[in-house]
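1. build me a model:
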Amino acid sequence: MNNKKLVLENGKEFAGVGFGSDTERVAEIIYNTSVVGYQEAFSDPSNLEYIMVMTYPVIGSYGLTDEDYESNQLTISGLVVREYSKYPSNFRYTHELSEKMDENGVPGIMGLDTREITRIIKNEGAMRAMIANIDTPLDECLKKIKEFNVSKDIVAKISTKKVWYSRTLNYKYTVCCIDLGLKKSQIKMLKDLGCNVVVVPYNASIELINKYKPNGLFISDGPSNPYDIDNVIETINTLKGKMPILGVGLGQEIIELAYGAKLYKQKVGHNGCNIPVRNLKTKKIEITSQNDQYAVEAESLTKTDLKPTHQNVLDDIIVGVEDLKNKVIAIQYNPTPSDDEDYVFKRFVKLLGGKKNA
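-> Numbers count the residues shown, from 1 in each chain. Below is the predicted model of the structure:
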């Protein structure tokens, strides 16, 4: 471990101790309010190319477990914590967090006042930042931060390069998944409800999708500005009404664009697993996991065939929509398995219908 510092785009510096990979990194910085589930957050493709500040004060205490990754690697660009626990206490753990960060080229910094950093991000909005060596001049850091631009081809980096399958016993339906940054847990949710899943690249053609004769189309969550993914918008407009479509996270945003709604980048996105959402049909409150930076303009939805179904309790942002006439549903947050009939994957599977594929 060596001395590092975090430099924010506004010029503020925070000195600390490095762990993980001994590298310098520039990226957009976000905070995450999760108390547990850091492994899932750090390996979530939606968090690709973000430096993440954890508001919970101690991170690393239960290590990493091979079965709990959302992708095959850690996807974050950097990690900022108050205290790092070097000695995990968990009978399931297979690796120490710092060890995997080093393998994946992810630098970390600890010993910082994460409360102050979180307040800065919350008050001033999303900004870029750099994890740097302590002796790197501030002017040099700010120059690198200014020159940094978020990749427009970020989905191309994380999406599968070839078609692959995930099968289940005694399946009822086949679902084609457009991989924009697919989570392993979402594949499992579909399989648990009797679906074979065919995963295709983000730029898959209509012909390729139809080749597998799917009962429905699933558009996954992922990173990126939704306006940068034109081809998926075209796919939705072509297949809408021909088969049920489910979108989650980035998938919802692209569905909203396909319907003609407008999106905007939030001052501060939602990142954490304790965010309350109101079901506008049942009036029930769900505590959800979210990691989004964009939101739909509610007024623009009124000019489309999409109807709001869920709303963030904290800021009234619409986080769920549907077009039942064309069997299209979408949510902004990350669903968790539930026995509730309103569980979004259950709703989707009910729309699939038809006969079992040969």
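
2. got the contact list for the helix or strand containing residue 177?
-> Using DSSP states H and E, the secondary-structure element containing residue 177 is strand 173-178. Outside strand 173-178, the residues within contact range by Cβ atoms under 8 Å, 6 or more residues apart in numbering are 187, 190, 194-202, 204, 209, 212-220, 232, 235, 251, 349, 352, 354, 356-357. Quick note: C-beta positions are derived from backbone N, CA and C, even for glycine.

3. helix or strand next in line after that strand, which one?
-> Counting by DSSP H and E, the element after strand 173-178 in chain order, helix or strand, is helix 184-192.

4. mind checking how far residue 32 is from residue 60?
-> With distances taken as Cβ to Cβ, to the nearest Å, residue 32 is found 14 Å from residue 60.

5. and residue 255, which of the three is it?
-> Here residue 255 is recorded as helix under DSSP: H, G, I helix; E, B strand; the rest coil.

6. residue 155 reaches residue 201, doesn't it?
-> No. Under the criterion of Cβ atoms under 8 Å, residue 155 lies out of contact with residue 201, with a separation of 9.5 Å.

7. how is the chain divided into domains?
-> Structural domains annotated on the chain: 3-147, 154-352, as defined by automatic domain parsing.

8. okay if I get the ones you listed as JSON lines plus mean pLDDT?
-> Formatted as JSON lines, the entries for these read as follows, by pLDDT from 0 to 100:
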{"stretch": "domain 3-147", "mean pLDDT": "96"}
{"stretch": "domain 154-352", "mean pLDDT": "95"}
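
9. burial measure for the closest residue to residue 256 other than its chain neighbours, as a count.
-> Of all residues not flanking residue 256 in the chain, residue 296 sits nearest, at 4.9 Å (Cβ to Cβ, 6 or more residues apart in numbering). A total of 27 residues lie near residue 296 under the criterion other Cβ atoms under 10 Å.

10. could I get the full set of helices for the stretch 201-350 of the chain?
-> 206-211, 230-239, 250-258, 298-301, 344-352 (DSSP state H, counting those that start in this stretch).

11. mind giving me the packing neighbours of the longest strand seen in the chain?
-> Of all the segments of type strand in the chain, defined by DSSP state E, the longest one is strand 263-279. Here strand 263-279 touches strand 25-32, helix 250-258, strand 285-296, strand 307-312, strand 318-323, going by 3 or more Cβ pairs under 8 Å, 6 or more residues apart in numbering; DSSP states H and E.

12. only alpha carbons, please: show stretch 267-285 as PDB.
-> Provided in PDB are the C-alpha atoms of stretch 267-285 (Å, rounded to 0.1, in the frame of the first residue of the first chain):
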ATOM      1  CA  LYS A 267     -27.800  15.900 -11.500                       C
ATOM      2  CA  VAL A 268     -27.100  12.900  -9.300                       C
ATOM      3  CA  GLY A 269     -28.200   9.400 -10.300                       C
ATOM      4  CA  HIS A 270     -29.600   6.700  -8.100                       C
ATOM      5  CA  ASN A 271     -27.000   4.200  -6.800                       C
ATOM      6  CA  GLY A 272     -27.800   1.800  -4.000                       C
ATOM      7  CA  CYS A 273     -30.000  -1.000  -2.800                       C
ATOM      8  CA  ASN A 274     -32.200   0.900  -0.400                       C
ATOM      9  CA  ILE A 275     -34.200   3.200  -2.700                       C
ATOM     10  CA  PRO A 276     -38.000   3.300  -2.200                       C
ATOM     11  CA  VAL A 277     -40.300   3.000  -5.200                       C
ATOM     12  CA  ARG A 278     -44.100   3.300  -5.300                       C
ATOM     13  CA  ASN A 279     -46.200   0.900  -7.400                       C
ATOM     14  CA  LEU A 280     -48.800   3.300  -8.900                       C
ATOM     15  CA  LYS A 281     -51.300   0.400  -9.400                       C
ATOM     16  CA  THR A 282     -51.100  -1.300  -6.000                       C
ATOM     17  CA  LYS A 283     -49.800   1.800  -4.000                       C
ATOM     18  CA  LYS A 284     -47.300  -0.600  -2.400                       C
ATOM     19  CA  ILE A 285     -43.800   0.700  -1.600                       C
END
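
13. can you tell me how far residue 187 is from residue 201?
-> 15 Å.

14. so these two - more neighbours on which side?
-> Taking other Cβ under 10 Å, residue 187 and residue 201 do not tie; residue 187 has more neighbours (20 against 17).

15. contact partners for that one?
-> Under the criterion of Cβ under 8 Å, 6+ apart, the contact partners of residue 187 comprise 166, 177, 197, 199.

16. so the last one: helix, strand or coil?
-> Using three-state DSSP, the three-state assignment for residue 199 comes out as strand.

17. distance of residue 170 from residue 339?
-> Between residue 170 and residue 339 the distance, using Cβ to Cβ, works out to 20 Å.
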